[in-house]
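Enquirer: Could you work out the structure for the sequence below:
(one chain, ligands or ions: 1)
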Amino acid sequence: MKPQRRMLLSASIAVGVAAAAGPLAILAQPKPRIIPIQARKFTYEPAELTLKLNEPVVFQLTTADVVMGFSVPDFKVRGTIIPGQMIEVSMTPDKLGEFTFLCDVFCGSGHEEMEGTMRVVA
Ligand SMILES: [Cu+2]
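Expert: I've put the predicted structure just below:
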């Protein structure tokens with residue numbers, strides 16, 4: 001076999017392997033767990049969340065009140081919640097422990113106390 005032809009053959013094998021790995025890679029990724037959270041003055045419902053380590057989640061955030069924030073500083077994720085809309089914030093907790101999520105958009109007199117607890121368990 002001439003060198004040029006061998007190169008072509010190995011290239012086509014590489015493409016075949018990539019195609020086979022494609023669907024498997026998608027299957028290996030767990031579907032995110034959807035967690036609806038309602039924000040209102042001056043709390044979140046639910047205010048306590050228990051997440052599993054490395055399990056991707058999507059928070060679906062809504063509010064009927066005013067513009068609010070949802071921030072999880074330890075995981076560097078946040079979103080702005082607009083009344084009448086649903087926003088999604090995705091994250092995959094990669095460390096165990098107890099963390100605080102809080103409102104980071106001033107929303108009134110109880111804003112400073114508006115927070116919840118996020119527990120990440122194994
Ligand atoms: Cu606030």
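
Enquirer: Helix or strand: which one has the residue lying closest to residue 47 once chain neighbours are set aside?
Expert: Leaving out its chain neighbours, the residue that sits closest to residue 47 by CB to CB, 6 or more residues apart in numbering is residue 116, at 3.9 Å. Heads up, the C-betas are built off the backbone N, CA and C, glycines and all. Using DSSP states H and E, residue 116 sits in strand 115-121.

Enquirer: can you tell if that strand touches the ion?
Expert: No - using CB under 5 Å from the ion, strand 115-121 never reaches the ion; the gap is at least 9.4 Å.

Enquirer: again with stretch 33-51
Expert: No - Stretch 33-51 stays clear of the ion (CB under 5 Å from the ion), getting no nearer than 6.7 Å.

Enquirer: mind checking the end-to-end distance for that stretch?
Expert: 9 Å (CA to CA, to the nearest Å).

Enquirer: ok, back up a step: so what sits opposite the residue nearest to residue 47 in the bridge?
Expert: Here residue 116 sits in beta bridges with residue 101, going by DSSP bridges.

Enquirer: Return the distance of the strand holding residue 116 from the chain's centre.
Expert: Offset of strand 115-121 from its chain centre (CA atoms, centre = their mean, to the nearest Å): 14 Å.

Enquirer: Mind giving me the packing neighbours of it?
Expert: On a contact count with 3 or more CB pairs under 8 Å, 6 or more residues apart in numbering; DSSP states H and E, strand 115-121 meets strand 43-45, strand 48-52, strand 97-102.

Enquirer: buried sites along the last one?
Expert: What it means is strand 97-102. 99, 101, 102 (16 or more other CB atoms under 10 Å).

Enquirer: just the shortest one next, same as before
Expert: Burial within strand 43-45, assessed by neighbour count using 16+ other CB under 10 Å, is assigned to residue 44.

Enquirer: quick one: contacts of it?
Expert: 37, 38, 39, 70, 101, 114, 115, 116 (CB atoms under 8 Å, 6 or more residues apart in numbering).

Enquirer: One more: the longest one?
Expert: Strand 97-102 is touched from outside by 44, 49, 69-75, 114-120, with contacts defined as CB under 8 Å, 6+ apart.

Enquirer: circling back: what would the buried residues of strand 97-102 look like in a markdown table with distance to residue 33?
Expert: Below are the buried residues of strand 97-102 laid out as a markdown table (distance: CB to CB, whole Å):
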| residue | distance to residue 33 |
| --- | --- |
| 99 | 17 |
| 101 | 16 |
| 102 | 21 |
